[in-house]
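Engineer: A structural model of the following input is requested.
(3 chains)
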Amino acid sequence: MNLVRLKRRADFLRVAKSGRRYATPGLVLQVAHRQAGTFGGSEASLGIGFTASKKVGNAVARNRAKRRLRAAVAIVMPRHAAANRDYVLIGRQATLRRPFTELQQDLLKALGRTKSLADGARDEP
RNA sequence: CCAGACGGCUGGACGGUCGCCGCCAUCGCCAUUUCAUUUGAUUGGGGAUGGGGGAGGAAAGUCCGGGCUCCACGAAAAACGGUGCCGGGUAACGCCCGGCGGGGGCGACCCCAGGGAAAGUGCCACAGAAAGCAAACCGCCGGCGCCUUCGGGCGUGGCAAGGGUGAAAGGGUGCGGUAAGAGCGCACCGCGCGGCUGGUAACAGCGGCGGCAUGGUAAACCCCACCGGGAGCAAAACCGAAUAGGGAUGGCGCGUUGGGCUGGGUUUCGGCAUUUGCCGUGACUUGGCCCGGCAGGCGUGUUCGCGCCGCCGUCCGGGUAGGUUGCACGAGGCGUCCGGCAACGGGCGUCCUAGAUGAAUGACCGUUCAGCGCCGCCAAAUAUGGGCCGUGGCGUGGACAGAACCCGGCUUACAGGCCGUCUGGCGCC
RNA sequence: GCGGGCGUAGCUCAAUGGUAGAGCAGGAGCUUCCCAAGCUUAAGACGAGAGUUCGAUUCUCUUCGCCCGCU
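Structural biologist: So this is what the prediction gives:
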């Protein structure tokens, strides 16, 4: 399984419009099934995008929120996230101060509530 | 030592672990274009290892000024916007430097949109008699007239000192003068006019004349002088998928009927010609295009109805998504010498120093360095408490904030630290 | 990147450079057996800092916050 970064505004809009959504104290997760052949590859893949609005804070705070989300994704997603989906993680103000282990728990919980856990990988990290 | 003014620098250090974004080298993997065809070179994607690089003084706000790119354009004026003491610096500026004038501070020093109010218009609330044109509310006053309770009152006149209102009342202070007063006279100050001297100038100084005429407001309209074409790297250039539409071209297909235009074939008659034939004319037949009717097909809709009318392939151009360039050598940094009070300019030497694009520099740990808090020790002191300096232990502990085409300024945010110059005060020698 | 607008009482909005006003809400009182409605009454604000002016919510500059448009 390979991870693909979502980088186009159209991708973010599509996920926000058509996907499931779940909010935790540390982050907001949006998930959408990806259309067949969107990226052409036959093997299993998933797309991940990160975003943080101006409400999180200034540029330093927004970049920091997205960095923490990337770090949590690098630990949790490869084992626990279902493939052939696009994920968008939205940073919140609490993303900056929340302990990192709890941030990982938030991500895992959000995956479960959006029915996006990978098969056979439901044990704790 | 305390309090303060100004200018400049800095924006933690070292090590370890795990990570991020470009670049270079080497080595695998996947796909594939082109060239030669054991296979290699080339192109694209992704990976491993090693090497090297990777945010700021404000990168910020976007308040000004430029470079650069594209568009427009004969010049000027008008309109609109901006700037506004003088001189200099600069690519340019609303910036900077040096002066001048005004204001504040004991002082070092700081602040000022600081042209024009005798070109015109508007406004100046409340109060006040009066707010711009000269007037007189309470008042002051010699003479004359009348009245009188002999204190004075009224009228006629003269005046603006004093009172009062106001932010501001048609120069201010003092002396003289007068019935009382008044630039009425004089001195000083202010103002205006013209002169001399110094200064590039703003302006300053000196002496003369006038005798007050000219209230304030231009960050009210306005006048004068100067400056300004517009848009912005999401500019702009190049490459360019799929779909739809446009053009060219090949193949196949192209109902029926009426009319019009036009082309081909067969042929009648006439004319010309030596023959093939040419011209005109009529008949039959066969295509193309246009208009109309009927029929048909496709799409949509419950129906009425509405819309469209060839299909397939190849090529061409415009152009969207996307990509590449623009894009990191520049009004560049550092050092030094020269000119200049300075801003800055010039010469020489030397260095290359971020290029991301949902956007890279971070996280954790240890040691350390300032700082801060608490507790002690030494010293000082008549004593107690507190503070300063030195020193020990423990704890705490690093701000504001992230390049987005580039540069010069301004403004704003910021834990703190360091250096230099200067001012005022206290103490000691 | 470019441009526009708005900050006034707890809320929604007014106001030529001259004492900031209205409606609703909240407080007190009157009225009623009680409540509502009604009547009376007092309190309450110019986002912040400078400047111009005799005087600033208004004019100018800086700054903070919010909203909107184009690309």
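Engineer: SS state for the residue in chain A that RNA strand B sits nearest to?
Structural biologist: Nearest residue of chain A to RNA strand B (C-beta to the nearest atom of the strand) works out as residue A:51 at 2.4 Å. Bear in mind the C-beta positions are built from the backbone N, C-alpha and C, glycine included. Following DSSP: H, G, I helix; E, B strand; the rest coil, we place residue A:51 in the strand state.
Engineer: residue contacts, it?
Structural biologist: Contact partners of residue A:51, counting by C-beta atoms under 8 Å, 6 or more residues apart in numbering, are A:12, A:66, A:88, A:89, A:90, A:91.
Engineer: recalculate using a threshold of 10 Å.
Structural biologist: Residue A:51 sits next to A:6, A:12, A:16, A:28, A:30, A:62, A:65-66, A:69, A:88-91 when contact means C-beta atoms under 10 Å, 6 or more residues apart in numbering.
Engineer: likewise for residue A:25?
Structural biologist: Neighbour list for residue A:25: A:92, A:94, A:95, A:98, A:102, A:103, A:106 [criterion: C-beta under 10 Å, 6+ apart].
Engineer: can you put those residues in CSV and add pLDDT?
Structural biologist: Below are the contacts of residue A:25 laid out as CSV (pLDDT from 0 to 100):
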residue, pLDDT
A:92, 84
A:94, 84
A:95, 85
A:98, 84
A:102, 87
A:103, 88
A:106, 89
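Engineer: biggest separation within those residues, which pair?
Structural biologist: A:92 and A:102 (13.0 Å; C-beta to C-beta).
Engineer: of these two, which one has the most company?
Structural biologist: Remark: of residue A:92 and residue A:102, residue A:92 carries more neighbours, 18 against 13, as counted by other C-beta atoms under 10 Å.
Engineer: the more buried one touches residue A:62, doesn't it?
Structural biologist: No: the pair residue A:92 / residue A:62 is not scored as a contact, 11.1 Å apart, by C-beta atoms under 10 Å.
Engineer: sweet, I'm off.
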